Every structure is written in structure tokens, then in C-alpha cells.
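Colleague: Dropping the sequence and predicted coords here.
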Amino acid sequence: MPKLKTNKAASKRYRYTALGKVKRTKANRRHRLATKTKRTKLTARVQNGIADKTCENTIRKLLPYGKK
């Protein structure tokens, strides 16, 4: 059976945790922080959120060599 290709865009956006969950970086913390409210920056402070269960099957197809 041939090797499966990893989607490189997904590999830069998602990682697997030690328990096999899909980890992602939250949005709105990269640039233009001066125009955003304190509350917006506070809620986006946690950088490593867990990806939604509805998207997890799709992400697992894009990243075939992670923890199952």
C-alpha cells in the first residue's frame, strides 16, 4: 500500500495532543491588536484550543499519521 500524503496547510494549523485530540490555535491574536477591544484580546488569549468534534474527522483525513 502506498504512503498517504499529509496536507501541509493542515499540518501547519493543527497538532495532535498526547491523548489524540486535535489542537488548534485561536484566531484574532496576530496583528492589529491596537484596534481590538480588551475583551476580544482576553478571550483569544488561550492559544491552544481543542478543535470542534464536527471538524475532527476531516482533520484526521488531512493528517493521516497522527494519534488515532
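Modeller: Ah, there it is.
Colleague: Okay, and the residue nearest the centre of the chain sits in which element?
Modeller: Closest to where the C-alpha atoms of the chain average out (C-alpha atoms, centre = their mean) is R24, at 2.0 Å. Taking DSSP states H and E as the definition, one finds R24 inside strand 22-25.
Colleague: Partner strands of that strand and their direction?
Modeller: strand 14-16 (antiparallel), strand 48-50 (antiparallel) (DSSP bridges).
Colleague: Would you mind measuring from the residue nearest to the centre of the chain to N7?
Modeller: 14 Å (C-beta to C-beta, to the nearest Å). Bear in mind the C-beta positions are built from the backbone N, C-alpha and C, glycine included.
Colleague: ditto for T40
Modeller: In terms of C-beta to C-beta, T40 sits 30 Å off from N7.
Colleague: what sits up against the helix-or-strand element of the chain with minimal mean pLDDT?
Modeller: Ranked by mean pLDDT, DSSP states H and E, the weakest helix or strand in the chain is strand 48-50, scoring a mean of 81. Strand 48-50 is contacted from outside by T17, K21, V22, K23, R24, T25, K26, using C-beta atoms under 8 Å, 6 or more residues apart in numbering.
Colleague: Narrow those residues to those that are buried.
Modeller: V22, R24 (16 or more other C-beta atoms under 10 Å).
Colleague: Of all the strands paired with strand 22-25, which one comes closest to G66?
Modeller: Closest to G66 of the strands paired with strand 22-25, according to C-beta to C-beta: strand 14-16, at 4.1 Å.
Colleague: Would you mark the buried spots in that closest one?
Modeller: Residues of strand 14-16 classed as buried: Y14, Y16 (neighbour count, 16+ other C-beta under 10 Å).
Colleague: can you give me the helices for the protein?
Modeller: Taking DSSP state H to define them, one finds helices in the chain at 8-13, 38-43, 53-62.
Colleague: and R32, which of those is closest to it?
Modeller: Set against R32 and scored by C-beta to C-beta, the helices of the chain come closest in helix 38-43, at 10.8 Å.
Colleague: just checking, what packs against that closest one?
Modeller: Using 3 or more C-beta pairs under 8 Å, 6 or more residues apart in numbering; DSSP states H and E as the contact test, no helix or strand touches helix 38-43.
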